[in-house]
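>>> output the structure for:
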Amino acid sequence: MNTSKKTSGAARSDLSRRTFLGSALAAGGVMIVPRHVLGGTGYQAPSDRLNIAGVGVGGRGAGVLRGASGYTEETGKTLENVVALCDVDDEQAAVTYERFPGATRYKDYRVLFDEMPDGIDAVMVATPDHMHAVVAMAAMQLGKHVYVEKPLTHDVYEARMLTEAARRYGVATQMGNQGNSGEGIRRICEWIWAGAIGEVRTVHAWTNRPVWPQGLTRPRDRPPVPATLDWDLWLGTAPVRAYHPAYLPFSWRGWWDYGTGALGDMACHIIDPIFKALKLGYPTSVEASASVFVDDWEPLPNFGSAPNSSVIHFDFPAREGMPPVQVTWYDGGLLPRRPAELAEDEMLGDGDGGCLFVGSRGSLMCETYGRNPVLLPTSRMEDFEQPAPTLARVDGDTEGHQRVWVEACKGGASCSSNFDYSGPLTEMVLMGNLALRSFMLSESVLDDRDREQTHYLGRKKLLWDGEAMRITNLEDANQYVRREYRGGWSLGV
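Next up is the predicted model:
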């Protein structure tokens, strides 16, 4: 529902300007034609300003919207027009409401899209994971450009549908894995493609997440819903449950109804360099092991919450001249063995995580987000002659990732983490969650002493038909490819 007076907003972007920028940028990757070239230093024509709506503008959404709009704290001014803000929780959104006082406020994104279909050019989505797909799909169906925080979606099916929709509607898209615009991922790609470590058949990736509660039991008390929160809208596509602060504003990440756990939160960052450099696509198989919560030594795993730690193995076939490769993911503080080439006083990755490529002629290690790649042993860097850059660079790292999307909305070059790329990346990541949840699938049987025992059906390698989006050797696992929305909600495809 609309909760404040509407602003007039700026005129929609001029199509001839978009056409000009598109042709000017066609050969320049992410290089931007400065407006002062056309109209004088410091000049920005009103028609050059994108009209942006934000959906989910507290927490991470506040930072993304600040970067995308070009907001400057010192002046309070923006490079783009933030014309609408939508959030189900007024308290969480308060900072953003104060930052952009002229924007129209909404609680329901559907009302926003109904009332301002011609007043917005682009939509930034930073809701909890379970609402990413429905908001982004509705925006694209209106012809709006979309920026969606990672992970792109909550399940594999949603990722495939958003990828196809972005192609169908021809809009500019970007997922919020900002390391994809960093220098590190470009160096990793160029080094591996130049053969610096030979053929890569094994990769390890890890994170210290979760840094929020996981392995949880469902709360039983019923505190009142805060007056600032629309709980039904917050639930959205998820099953109906009573409000509890165990679910929000941040700990939703640990609950399968709303979040995607440590893997969903961080793998789109950490696995990103692996996916790009090794030109990965659909895995052929995936298997997982995880910590399992039991109550009073009875085999009663908690199906509602992601585990505290896990290890997941992905197998990929040969592709584009590269050999088959296995990628192993570790979270919850678990780590791969330190490589022999790493000196005792050198850190494995950084405090948050990292990845390790093991090649036939050496190894390559990087930190979280693909930052600070090095060859191992690190002494190799002294004489290493880096190959000439082949990938376009982005100025500004995190905010550059958001500003590149803005320029793409105006007709510039396609974003490096557009849905053609980030959709398949997200599918791979969410295959790990499918394996984790399948790991918990069980059946009860009687042993030879008539005691009930639990067998875990998912403790096997799951074979994946990527084109068909199906597990071929455990039918029950396919329930996690596409989740059921509660009544009244649909992806609209």
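
>>> now the protein, which segments are flagged as low pLDDT?
1-47, 293-302, 443-456, 458 (pLDDT under 70).

>>> in it, which helix is the longest?
helix 419-439 (DSSP state H).

>>> now that one - C-alpha only, CSV.
The C-alpha atoms that make up helix 419-439 are tabulated as CSV, following Å, rounded to 0.1, in the frame of the first residue of the first chain:
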residue,chain,number,x,y,z
PHE,A,419,21.4,-13.5,-16.0
ASP,A,420,22.9,-15.4,-19.0
TYR,A,421,25.9,-15.9,-16.7
SER,A,422,24.6,-15.5,-13.2
GLY,A,423,21.5,-17.7,-13.8
PRO,A,424,23.6,-20.9,-14.6
LEU,A,425,26.1,-19.9,-11.8
THR,A,426,23.1,-19.8,-9.4
GLU,A,427,21.8,-23.1,-10.6
MET,A,428,25.2,-24.7,-9.8
VAL,A,429,25.2,-23.2,-6.3
LEU,A,430,21.6,-24.3,-5.6
MET,A,431,22.4,-27.8,-6.8
GLY,A,432,24.5,-27.9,-3.6
ASN,A,433,21.5,-27.1,-1.5
LEU,A,434,19.5,-29.7,-3.3
ALA,A,435,22.1,-32.2,-2.3
LEU,A,436,22.2,-31.0,1.3
ARG,A,437,18.4,-31.2,1.6
SER,A,438,18.4,-34.6,-0.1
PHE,A,439,21.0,-35.8,2.3
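
>>> how far off centre is that helix?
10 Å (C-alpha atoms, centre = their mean, to the nearest Å).

>>> and what of stretch 271-291?
15 Å.

>>> just the buried positions in it, please.
For stretch 271-291, burial by neighbour count (16 or more other C-beta atoms under 10 Å) applies to 271-278, 280-283, 285-290. Using the backbone N, CA and C atoms, a C-beta is placed for each residue, glycine as well.

>>> cool, stretch 117-132 as well?
In stretch 117-132, counting by 16+ other C-beta under 10 Å, buried: 119-132.

>>> will you turn the residues you listed into JSON lines that also has distance to residue 104 and secondary structure?
As requested, the buried residues of stretch 117-132 are arranged in JSON lines below (distance: C-beta to C-beta, whole Å; DSSP: H, G, I helix; E, B strand; the rest coil):
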{"residue": "119", "distance to residue 104": "8", "secondary structure": "coil"}
{"residue": "120", "distance to residue 104": "10", "secondary structure": "coil"}
{"residue": "121", "distance to residue 104": "15", "secondary structure": "coil"}
{"residue": "122", "distance to residue 104": "15", "secondary structure": "strand"}
{"residue": "123", "distance to residue 104": "14", "secondary structure": "strand"}
{"residue": "124", "distance to residue 104": "15", "secondary structure": "strand"}
{"residue": "125", "distance to residue 104": "17", "secondary structure": "strand"}
{"residue": "126", "distance to residue 104": "18", "secondary structure": "coil"}
{"residue": "127", "distance to residue 104": "18", "secondary structure": "coil"}
{"residue": "128", "distance to residue 104": "23", "secondary structure": "coil"}
{"residue": "129", "distance to residue 104": "26", "secondary structure": "helix"}
{"residue": "130", "distance to residue 104": "25", "secondary structure": "helix"}
{"residue": "131", "distance to residue 104": "20", "secondary structure": "helix"}
{"residue": "132", "distance to residue 104": "22", "secondary structure": "helix"}
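
>>> just these now: which is nearest residue 342?
residue 129 (34.2 Å; C-beta to C-beta).

>>> list the contacts of that closest one.
151, 153-154, 252-253, 258-260, 264 (C-beta atoms under 8 Å, 6 or more residues apart in numbering).

>>> show me where the stretch 101-250 of the chain has helices.
Taking DSSP state H, counting those that start in this stretch as the criterion, the stretch 101-250 of the chain contains helices spanning 109-115, 132-141, 156-169, 183-193, 231-235.

>>> nearest to residue 473, out of those helices?
That would be helix 156-169 among those, by C-beta to C-beta, at 16.6 Å.

>>> chain neighbours aside, what residue packs nearest to residue 206?
Nearest non-adjacent residue to residue 206, counting by C-beta to C-beta, 6 or more residues apart in numbering: residue 330, 4.0 Å away.

>>> ok, the one you found touching residue 336?
Yes. The pair residue 330 and residue 336 passes the contact test of C-beta atoms under 8 Å, sitting 6.3 Å apart.

>>> find residues that contact each of the two.
204, 206.

>>> helix, strand, or coil at residue 77?
Under DSSP: H, G, I helix; E, B strand; the rest coil, the three-state class of residue 77 is coil.

>>> quick check: phi and psi on it?
Torsion angles at residue 77 (phi, psi; degrees, to the nearest 10) stand at phi -100, psi 160.

>>> got it, and the one 4 residues further on?
Backbone dihedrals for residue 81, given as degrees, to the nearest 10, come out at phi -90, psi 120.

>>> isn't it right next to residue 48, touching?
No. Counting by C-beta under 8 Å, residue 81 does not reach residue 48; the two are 10.4 Å apart.

>>> more neighbours: the two, which one.
residue 81 (23 against 18; other C-beta atoms under 10 Å).

>>> for that one, which residues count as its bridge partners?
Beta-bridge partners recorded for residue 81 (DSSP bridges): residue 51.

>>> perfect, that will be all.
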